[in-house]
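A.B. asks: Got a sequence here, can you build the structure:
(one chain, ligands or ions: 1)
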Amino acid sequence: MDALPWWTDKNHRFATEVEEFVDNELRPLGDKMDHNEAMKVQWNISKFVVDKGFHPLAVLVEEEYGGREEGFTGYTILNEEFGRCFLNINPLLTTVFGGGPVHLFGSPEQKENFLEPMVKGEKWTAICVTEPDVGNDAANIQLAAERQGDQYVLNGWKRYITLGAKADYLMVYALTDSSEEAKNTHTHLTSFIIPRETEGITIEKINELTGDVEMFNSVIRFQDVSVPEENMILFEGDGWTVMTSGLNIERLGIAATVGQARMLIETARAYGRRRVQFDAPISRYQTVQLRMADMAMRLKLARTYLYALAMELDSGAADMFQFGVDAAICKVFSTEALIEIAEDALTILSGDGYTSEYLAASILKNALLTRVTGGGNDILRLFIGRQEFKKKPNPSLLPRVLRGVEKKELE
Ligand SMILES: Cc1cc2nc3c(=O)[nH]c(=O)nc-3n(C[C@H](O)[C@H](O)[C@H](O)COP(=O)(O)OP(=O)(O)OC[C@H]3O[C@@H](n4cnc5c(N)ncnc54)[C@H](O)[C@@H]3O)c2cc1C
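C.D. replies: Numbering: from 1, shown residues only. Now for the predicted structure:
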């Protein structure tokens with residue numbers, strides 16, 4: 001893979017290691033399967049990836065909990081490389097998104113009890129935010145957790161939970177204080193890590209999805225589910241902080257699906273040089289070259305920004321709690337880039353692009369999901385736009401006419 005100029009020796013070593021693993025072990029497994037088979041959840045292969053030391057959660061986690069401490073650059077390298085394996089290793093991704101908050105905020109006991117089994121690939125974790133009446137408006141969670149002694153009793157619903165029917169643990173966000181004051185200060189939610197087999201948790205439905213990837217995407221009912229307070233992450237009222245930090249990790253992970261774009265560009269390059277129409281390879285035609293230029297520019301920009309953010313996190317220049325706007329920009333830009341690159345690749349491949357062998361149509365179909373999950377792109381754009389308008393304009397960048405207005409109105 002192409003290295004970024006600021007990568008450390010450790011990053012280079014890890015990238016080489018991941019690349020060799022993907023080339024020599026992971027892709028050959030995918031090559032042996034037909035398309036439909038590869039898109040079923042590959043539990044054994046996911047476990048094999050973990051045993052080889054490439055669980056994305058392990059890459060982030062400290063050595064004392066069985067991790068490798070390769071930082072967010074390592075996490076991004078791994079996720080990008082997974083993008084060129086056409087294999088459904090969803091358990092690894094849902095577990096790093098769902099289990100990430102235990103890594104960030106868990107007590108030593110919670111890390112021992114919950115994080116370590118996840119890092120070893122013994123347990124998989126799903127993330128439970130969405131509800132029947134709660135989509136992008138995640139602050140409006142209705143599933144209620146009521147304190148009764150040293151237990152919390154949970155009642156309500158979650159829906160669209162990826163691997164919900166199969167995960168061992170559920171990272172659940174619940175309402176613990178419905179007062180206006182708590183809502184206004186974002187102290188109304190609390191997060192819990194809960195074994196899925198707990199009494200009162202039932203899987204009510206597994207959704208039929210349009211994409212090719214099997215997900216066991218579930219509607220889950222919670223009826224008088226007793227959860228000990230030891231399973232609460234941080235304190236009562238900290239759920240919003242936990243959720244938004246977890247979502248930032250998820251957004252960087254989703255952004256790294258831009259790794260699939262490399263596969264699409266190589267496919268379009270090979271195809272464009274080989275396919276002859278009107279007595280010349282189609283790569284000689286400007287319409288095809290313009291599409292290739294757009295694909296290459298989008299990939300380069302998305303990838304560079306993604307690794308710059310990973311580097312900021314690794315160097316301590318940014319932290320996960322103050323990272324909302326950057327993570328949102330990265331997620332929106334990368335996912336839109338992937339969708340557009342998939343469309344261009346499909347168009348260059350034309351009829352062949354619509355067949356399953358060339359994967360472009362399948363990647364496009366699955367990429368459309370990245371636009372709506374982990375925070376819908378339209379909503380994230382609104383968030384980015386609002387934050388931009390909150391900043392005071394910088395007079396040194398304003399034309400004279402507006403500097404005057406600034407003086408009169410703002411000073
Ligand atoms: C395959 C799949 C897997 C998923 N996995 C998980 C999971 O593991 N865990 C989990 O918790 N959730 C999961 N989700 C849920 C996903 O995150 C939500 O679908 C997403 O948050 C959007 O919510 P919604 O579908 O209810 O859309 P809504 O929030 O109802 O939005 C509908 C439309 O209205 C627009 N809109 C809404 N509010 C505004 C506003 N204020 N201003 C302007 N426009 C607005 C949106 O942009 C969108 O276009 C999954 C969903 C799918 C399809």
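A.B. asks: For the ligand, give me its nearest residue in the stretch 1-150 of the chain.
C.D. replies: Nearest residue of the stretch 1-150 of the chain to the ligand (C-beta to the nearest ligand atom) works out as G135 at 1.9 Å. C-betas here are computed from N, CA, C, even on glycine.
A.B. asks: Setting aside sequence neighbours, what's the nearest residue to that residue?
C.D. replies: G376 (7.7 Å; C-beta to C-beta, 6 or more residues apart in numbering).
A.B. asks: quick one: contacts for F14?
C.D. replies: Counting by C-beta atoms under 8 Å, 6 or more residues apart in numbering, F14 touches E70, T73, G74, I77.
A.B. asks: who in the stretch 301-411 of the chain is up against the ligand?
C.D. replies: Residues of the stretch 301-411 of the chain lying close to the ligand (C-beta under 6 Å from any ligand atom) are L369, V372, T373, G376, D378, I379, L382.
A.B. asks: which of the residues you listed count as buried?
C.D. replies: Among these, those classed as buried by 16 or more other C-beta atoms under 10 Å are L369, T373, I379.
A.B. asks: can the residues you listed go into TSV with extra columns for distance to M33 and pLDDT?
C.D. replies: Converted to TSV, these look like this (distance: C-beta to C-beta, whole Å; pLDDT from 0 to 100):
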residue	distance to M33	pLDDT
L369	21	95
T373	25	95
I379	36	97
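A.B. asks: would you list those residues in CSV and tack on secondary structure?
C.D. replies: What follows is these, written out as CSV (DSSP: H, G, I helix; E, B strand; the rest coil):
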residue, secondary structure
L369, helix
T373, coil
I379, helix
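A.B. asks: contacting residues for M311?
C.D. replies: L4, W6, F72, T73, A317.
A.B. asks: Surely the first one and Y305 touch.
C.D. replies: Okay, so that is L4. No: using C-beta atoms under 8 Å, L4 makes no contact with Y305, being 10.7 Å away.
A.B. asks: how much space between G385 and the ligand?
C.D. replies: According to C-beta to the nearest ligand atom, to the nearest Å, G385 and the ligand sit 11 Å apart.
A.B. asks: Surely that residue is in a helix?
C.D. replies: Yes: G385 forms part of a helix when assessed by three-state DSSP.
A.B. asks: Look at it and say how many residues are nearby.
C.D. replies: By the criterion of other C-beta atoms under 10 Å, G385 has 10 neighbours.
A.B. asks: Pull up the gap between it and A139, please.
C.D. replies: Distance, G385 to A139, using C-beta to C-beta, to the nearest Å: 18 Å.
A.B. asks: How is the chain divided into domains?
C.D. replies: Split into domains by automatic domain parsing, the chain comes to 9-123, 126-237, 242-390.
A.B. asks: about what we covered before: quick check: of the contacts of F14, which has the highest neighbour count?
C.D. replies: Highest count within these by other C-beta under 10 Å belongs to I77, 29 neighbours.
A.B. asks: Could you pull up the contacting residues of that one?
C.D. replies: Contacts of I77 (C-beta under 8 Å, 6+ apart): M1, N11, F14, A15, V18, E70.
A.B. asks: rewinding a little: just the buried ones out of the contacts of M311, please.
C.D. replies: Of those, these count as buried by 16+ other C-beta under 10 Å: L4, F72, T73.
A.B. asks: Output those residues as JSON lines; include the columns pLDDT.
C.D. replies: What follows is the buried ones among the contacts of M311, written out as JSON lines (pLDDT from 0 to 100):
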{"residue": "L4", "pLDDT": "97"}
{"residue": "F72", "pLDDT": "95"}
{"residue": "T73", "pLDDT": "97"}
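A.B. asks: What about these, which are in helices?
C.D. replies: If you go by DSSP state H, these have F72, T73 in helices.
A.B. asks: Let me have the domains of the chain in a markdown table, adding distance to L398 as columns.
C.D. replies: A markdown table is the format used below for these (distance: least, C-beta to C-beta, whole Å):
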| stretch | distance to L398 |
| --- | --- |
| domain 9-123 | 35 |
| domain 126-237 | 34 |
| domain 242-390 | 15 |
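A.B. asks: so L92 sits in a helix?
C.D. replies: Yes: under three-state DSSP, L92 falls within a helix.
A.B. asks: so it makes contact with K52?
C.D. replies: No: with contacts counted by C-beta under 8 Å, L92 stays clear of K52, the gap being 11.6 Å.
A.B. asks: More neighbours: which of the two?
C.D. replies: The neighbour count for L92 versus K52, taken as other C-beta under 10 Å, is higher for L92 (25 against 13).
A.B. asks: Just the pLDDT at that one, thanks.
C.D. replies: Listed pLDDT for L92 reads 97.
A.B. asks: Enumerate every residue touching it.
C.D. replies: S46, V49, V50, H55, P56, L57, F82.
A.B. asks: ok, it to N11 distance?
C.D. replies: 20 Å.
A.B. asks: cool, Q148 as well?
C.D. replies: Taken as C-beta to C-beta, the span from Q148 to N11 is 49 Å.
A.B. asks: Equivalent analysis for H55, please.
C.D. replies: Plainly put, H55 is 18 Å away from N11 if you go by C-beta to C-beta.
A.B. asks: the more surrounded of the two?
C.D. replies: H55 (28 against 22).
A.B. asks: Let me see the backbone angles for the more buried one.
C.D. replies: phi -70, psi 130 (degrees, to the nearest 10).
A.B. asks: That one against F48, yeah?
C.D. replies: No: with contact defined as C-beta under 8 Å, H55 does not count as touching F48 (10.7 Å).
A.B. asks: Pull up the overlap in contacts between those two.
C.D. replies: Common neighbours of H55 and F48 (C-beta under 8 Å, 6+ apart) do not exist.
A.B. asks: List the buried residues in stretch 1-8.
C.D. replies: Residues of stretch 1-8 classed as buried: L4, W7 (neighbour count, 16+ other C-beta under 10 Å).
A.B. asks: got the end-to-end distance for that stretch?
C.D. replies: Chord length of stretch 1-8, first to last residue, is 15 Å (C-alpha to C-alpha, to the nearest Å).
A.B. asks: now swap in stretch 78-94 and tell me
C.D. replies: Start-to-end, stretch 78-94 (C-alpha to C-alpha) is 15 Å.
A.B. asks: Could you give the number of residues near Q289?
C.D. replies: 14.
A.B. asks: Could I get the full set of strands for the stretch 151-300 of the chain?
C.D. replies: Ranges of strands within the stretch 151-300 of the chain are 151-161, 169-175, 189-195, 201-206, 218-228, 232-233, 276-277, 280-281, based on DSSP state E, counting those that start in this stretch.
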